[in-house]
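Asker: Fold the stuff below for me.
(one chain, ligands or ions: 1)
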Amino acid sequence: MVNPGKHGAGEQTTSSDKKIRVLVAKPGLDGHDRGAKVVARALRDAGMEVIYTGLRQTPEMIAEAALQEDVDVVGLSILSGAHMALAPRIMELLKANGQTRVRVFIGGIVPDEDIPRLMELGISGVYGPGASTEDIVKDIRNSISEK
Ligand code: B12
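Answerer: Predicted structure coming up:
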């Protein structure tokens with residue numbers, strides 16, 4: 001089953017004035033875009049700069065956009081079940097581009113048993129249906145303040 005809620009960073013907040021830049025991306029072939037849009041809106045409302053890629057992006061397109069947009073965070077929304085193919089490739093490409101400081105978060109349909117492997121890859125948090133957008137905002141802020 002999918003994990004509701006967060007599997008990520010702790011509880012403190014940052015007081016940095018610089019706006020956190022986030023790329024919200026939809027890799028793969030699924031057309032479920034509500035979650036990505038809800039999260040993008042919540043992050044914007046929380047004062048972050050959000051770039052939304054739109055649907056059906058390849059890992060290469062996402063890594064290139066992350067580089068060009070100089071983002072602090074990449075947020076992947078995947079409801080197709082292809083996260084175990086897409087996430088490792090995206091992490092590999094970010095690393096190849098020298099973007100090891102970019103934090104990566106995943107939301108969508110992710111079975112519990114896949115979460116440890118995703119965390120091992122360096123994913124900062126995994127969120128399923130019903131996840132609170134307040135938690136997502138807080139976890140992203142915390143992950144940046146810990147850099
Ligand atoms: C609505 C819906 C649709 C709509 C999509 C409308 C749209 N424009 O998004 C329609 C009817 C088009 C649709 C179609 C299909 N769907 Co559908 N759909 C759903 C449903 C019922 C709800 C998804 C939703 O919008 N939830 C509301 C949003 C707000 O929640 P969310 O996306 O989960 O996002 C939250 C978290 O996941 C997380 N999150 C999400 N993204 C991100 C990103 C970041 C950065 C972060 C931090 C967090 C985060 O935070 C969000 C807020 O809590 C789910 C079942 C479910 N309970 O999830 C099935 C579901 C996703 N669909 C499914 C399937 C199979 C399909 C179809 C293949 C069915 C078919 N045979 O045609 C098609 C595929 C269409 C396509 N082109 O891809 C399956 C996927 C199975 C899987 N992956 O294992 C599900 C799980 C249903 C099921 N139980 O089988 N679907």
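Asker: How about G47, nearest residue that isn't a chain neighbour?
Answerer: K19 (6.4 Å; Cβ to Cβ, 6 or more residues apart in numbering). No exception for glycine: its C-beta is placed from N, CA and C like everyone else's.
Asker: Can you name the residue of this structure nearest the ligand?
Answerer: Closest contact between the chain and the ligand, by Cβ to the nearest ligand atom, is at G107 (1.7 Å).
Asker: Can I get the helix or strand harbouring that residue as PDB, trimmed to CA atoms?
Answerer: G107 is located in strand 103-108, with elements delineated by DSSP states H and E. These are the backbone C-alpha positions of strand 103-108, laid out as PDB (Å, rounded to 0.1, in the frame of the first residue of the first chain):
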ATOM      1  CA  ARG A 103      17.300  17.800  -2.600                       C
ATOM      2  CA  VAL A 104      14.900  15.400  -4.200                       C
ATOM      3  CA  PHE A 105      11.400  14.600  -2.900                       C
ATOM      4  CA  ILE A 106       8.900  12.200  -4.400                       C
ATOM      5  CA  GLY A 107       5.100  12.100  -4.200                       C
ATOM      6  CA  GLY A 108       2.500   9.800  -5.600                       C
END
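Asker: Parallel or antiparallel, list what pairs with it.
Answerer: Strand pairing for strand 103-108, using DSSP bridges, gives strand 73-78 (parallel), strand 125-127 (parallel).
Asker: Next, format those strands as TSV and append mean pLDDT, distance to the ligand and mean neighbour count.
Answerer: Output for these, formatted as TSV (pLDDT from 0 to 100; distance: least, Cβ to the nearest ligand atom, whole Å; neighbours: other Cβ atoms under 10 Å):
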stretch	mean pLDDT	distance to the ligand	mean neighbour count
strand 73-78	98	2	26
strand 125-127	98	4	26
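Asker: Next, format those as JSON lines and append distance to A96.
Answerer: As requested, the strands paired with strand 103-108 are exported to JSON lines (distance: least, Cβ to Cβ, whole Å):
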{"stretch": "strand 73-78", "distance to A96": "14"}
{"stretch": "strand 125-127", "distance to A96": "23"}
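Asker: tell me which element V39 is part of?
Answerer: Using DSSP H and E, V39 sits in helix 34-45.
Asker: from the middle of its chain, how far away would that helix be?
Answerer: Put simply, helix 34-45 sits 11 Å off its chain's centre (Cα atoms, centre = their mean, to the nearest Å).
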